[in-house]
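1. predicted model, plus sequence, below.
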Amino acid sequence: MNKRRLPIKTIKIPALKDWSLAGKIILLVLYPIGIVLVVTLVLTVVGLNTLETDASASQLEEEVRIISQRFAEEQSSLQTSAAQLTTDTPLLNAIESNDRAALQKSIGLASIHSEFDYLQILDAEGQAMGKVEAFNFKDASSDLAKLSGLGLLEIEAFRLVPTPHGWLLTIVRPIKSQSGFVGVLSAGRLLDATALARLNFERTNPRLLIFDAQGNINAISQATDLSIADHDLWLQALTGETAIGHVNIEGDLQHIAYAPLIIGGRPASVFGLAFSTAATINLRDRLIITEVPIGIVFGVLAVISTLFISRKYIERPIAALVTGAEQAAAGNLDVVVDATSRDEIGILATAFNDMTGQLRKSLARLDHRAAQIATSAELSRRISSLIERKQLIDEVVERVNSTFNYYHTQIYFFDGTGQELLLARGTGEPGEQMLKQGHKISRGKGLVGRAAETNAPVIVSDTSRDPDWLPNPLLPETRSEIAVPISFGNQVIGVLDIQDNKPDSLMPEDANVLLSIASQIAITAHNARLLAEAQQRAEQEALISSISQKIQLSISIEDTLQIAIRELGTSIGARRVRAKIARSDDLDPKQN
């Protein structure tokens, strides 16, 4: 009788080279690293937890927040004291009567009461009337004089003024009485070691430091031999960021936070907070003493057990991939990496080959975009140097159009109602014709109106595919258009409109470049307006002062009238000026 044999099933184990990368890594590290992790896990967790508790970044950030608030309170206190002094009746009386003795007495008492280290009063003409100094600030007189100039423009401002004794936190404030502007007050408090100790709650840890304009330590809340700071972290803090590093103070390695010192709403200097890290260093040393020997023993075992597999199945394929990456980094994007294996390294090699192909396609576009951005930056620098509105508008329109080789460029600004956008300048003959026609666009209408309404760029990459786009008969070749708002903060003051005669030539990337130009236009236009207003105000005040002085020197009513008529006629450019005076009983009773 024949016996039937059952079929034998065999299980085929894949070759090691076809294992997944995860499987290979598990084989390499599971046994030796697992033992190392079990032995060192408890020590590492305890050590890292203690290290995190003693010197965590969150603790430094919280201390920075507290000290920043303290500096803000110091500014608020200085502002409150200055405001009270500018409304002090004896002080105002002394200024208006030009009683310098009484003025000096008032500011002397005020400097003691308000703890001013510097206090000066100028009259409305900028002449010093009285001054109190706790230190000799002669070397800072030029900076203090520039700051006082803001007060003469009736502007209140905060500044940090460098002095040989440290930073002088200074406020300048116009003094006004019922009769109007009468003078300027400048007051300051020195940010020396004593002031820093007070702001730091008289603590010895952390230490509070403040840096000068060159990044050197200007003052410190506790005496020490520290004199060198990390210049790179200081520069980072000047941009408004908080940076954390280390510093050696009297042989003690400490964590230090560099933070911006905000004065008048902007970073004016940098302060630092240094924490002692002695406990952290001791903990680190203990961890090293216990963990390093154990790590060495099990590390040797791991190296021996994984050397063969790593060289053949991981090291060589990765080395080939690294070589290809280095060649690509050096500029050879034609490199191709062998991708014959089916594990993750093979998948990565395939992805690398695909990536270099995409890079080759993108490189040309990037080169073009980089050239466009560089040209935009140069154009922005040119715009920022212009101070006259018409010159600004003409320069922007012509340069943007010629620099980027657009078909047409035009710029609009809102009228007085804020509802109509009036064409201010356009390129070529179409621009001249639209100007003569008084071309304007209502807010919310068309691309230009929508950009002004939403304060965001509006793009039509291909006008033939946009049914809502309205053509302009003066610009028949337009195939692509972008309207970019010209805004100062949240206020839109105008629109920069670009048109090109090629479809898809204006894309969202162009909006980013044009937005930077539009922002510079807004800033420059705003500065030009402020400058014109300041100049006009100064000329009017000078004219009024000159006429008043001449009238005061007259000795009769006839002289007064002659002076007034002559000066008014000269100022307004009149060829003839006549004044008529009549008695009340000579007037026609029917006339008002």
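-> Sure, I can see it.
2. so what are the domain limits for this structure?
-> For the chain, automatic domain parsing gives the domain ranges 87-190, 198-276, 404-528, 536-586.
3. distance between the first one and the chain's centre?
-> Shown here is domain 87-190, whose average C-alpha point lies 31 Å from the average C-alpha point of the whole chain (Cα atoms, centre = their mean, to the nearest Å).
4. who does residue 497 bridge with?
-> Here residue 497 shows beta-bridge partners residue 410, residue 483, assigned using DSSP bridges.
5. report the contact partners of it.
-> Contact analysis of residue 497 by Cβ atoms under 8 Å, 6 or more residues apart in numbering lists 409-412, 447-448, 481-484. Using the backbone N, CA and C atoms, a C-beta is placed for each residue, glycine as well.
6. residue 519 too?
-> Applying Cβ under 8 Å, 6+ apart, one finds that residue 519 lies in contact with 486-487.
7. can you give me the distance of it to residue 484?
-> 9 Å (Cβ to Cβ, to the nearest Å).
8. try residue 145
-> 42 Å.
9. more crowded one of those two?
-> The residue with more neighbours, out of residue 145 and residue 484, is residue 484; 27 against 14, by other Cβ atoms under 10 Å.
10. and that one, how close does it get to residue 404?
-> In this view, residue 484 and residue 404 are 13 Å apart by Cβ to Cβ.
11. overlap in contacts of these two?
-> Shared contacts of residue 484 and residue 404, defined by Cβ under 8 Å, 6+ apart, comprise residue 498.
12. circling back to that earlier point, TSV please, covering the domains of the chain and showing mean pLDDT and distance to residue 61.
-> Listed next are the domains of the chain as TSV, based on pLDDT from 0 to 100; distance: least, Cβ to Cβ, whole Å:
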stretch	mean pLDDT	distance to residue 61
domain 87-190	91	23
domain 198-276	84	7
domain 404-528	88	29
domain 536-586	69	45
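13. closest to residue 337 out of those domains?
-> domain 404-528 (31.2 Å; Cβ to Cβ).
14. ends of that closest one, how far apart?
-> 26 Å (Cα to Cα, to the nearest Å).
15. change the start of the numbering to 557 and stick with it
-> Will do, 557 is the new start, and the previous item becomes domain 960-1084.
16. grab the nearest non-local neighbour of the residue nearest the centre of the chain.
-> Among the residues of the chain, the one closest to the centroid is residue 795, at 6.7 Å (Cα atoms, centre = their mean). Nearest residue to residue 795 in three dimensions, chain neighbours excluded: residue 823, at 7.2 Å (Cβ to Cβ, 6 or more residues apart in numbering).
17. what does residue 765 give?
-> Per Cβ to Cβ, 6+ apart, closest to residue 765 is residue 828, 4.0 Å.
18. coming back round to it: over to the residue nearest to the centre of the chain: give its phi and psi.
-> For residue 795, the backbone dihedrals (degrees, to the nearest 10) come out as phi -80, psi 0.
19. that one and residue 1116: what is the separation?
-> Distance of residue 795 to residue 1116, computed by Cβ to Cβ: 60 Å.
20. and the helices in the stretch 757-906 of the chain?
-> Ranges of helices in the stretch 757-906 of the chain, per DSSP state H, counting those that start in this stretch, are 787-794, 834-865, 872-885, 900-940.
21. lowest average pLDDT across the ones you listed?
-> Lowest mean pLDDT of the helices of the stretch 757-906 of the chain: helix 834-865, a mean of 64.
22. the nearest residue to residue 995 once chain neighbours are set aside: what's it in contact with?
-> Using Cβ to Cβ, 6+ apart and skipping residues adjacent in sequence, the residue nearest residue 995 is residue 979, 4.3 Å away. Counting by Cβ under 8 Å, 6+ apart, residue 979 touches 966-968, 987, 990-991, 994-996.
23. mind doing that once more with 10 Å?
-> Contacts for residue 979 (Cβ atoms under 10 Å, 6 or more residues apart in numbering) come out as 966-969, 987, 990-991, 993-997, 1004, 1053.
24. make CSV from those residues and add secondary structure and distance to residue 747 to it.
-> Output for the contacts of residue 979, formatted as CSV (DSSP: H, G, I helix; E, B strand; the rest coil; distance: Cβ to Cβ, whole Å):
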residue, secondary structure, distance to residue 747
966, strand, 52
967, strand, 46
968, strand, 48
969, strand, 45
987, helix, 55
990, helix, 58
991, helix, 56
993, coil, 61
994, coil, 58
995, coil, 57
996, strand, 54
997, strand, 53
1004, helix, 51
1053, strand, 50
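25. buried subset of these?
-> Neighbour-count burial (16 or more other Cβ atoms under 10 Å) applied to these gives 966-969, 987, 990, 995, 997, 1004, 1053.
26. and what about the residue nearest to residue 708 when sequence neighbours are not counted, helix, strand or coil?
-> Spatial nearest neighbour of residue 708, chain neighbours left out: residue 682 (5.4 Å); criterion: Cβ to Cβ, 6+ apart. Secondary structure assignment for residue 682 (DSSP: H, G, I helix; E, B strand; the rest coil): coil.
27. could you tell me how far residue 682 is located from residue 1050?
-> From residue 682 to residue 1050 the distance is 37 Å (Cβ to Cβ).
28. compare the two (neighbour count), which wins?
-> Counted by other Cβ under 10 Å, residue 682 and residue 1050 do not tie: residue 1050 has more neighbours, with 25 against 13.
29. now do the contacts for that one.
-> 949, 967-970, 977-978, 980, 1004, 1007-1008, 1040-1044, 1074, 1077-1078, 1081.
30. great, nothing more from me.
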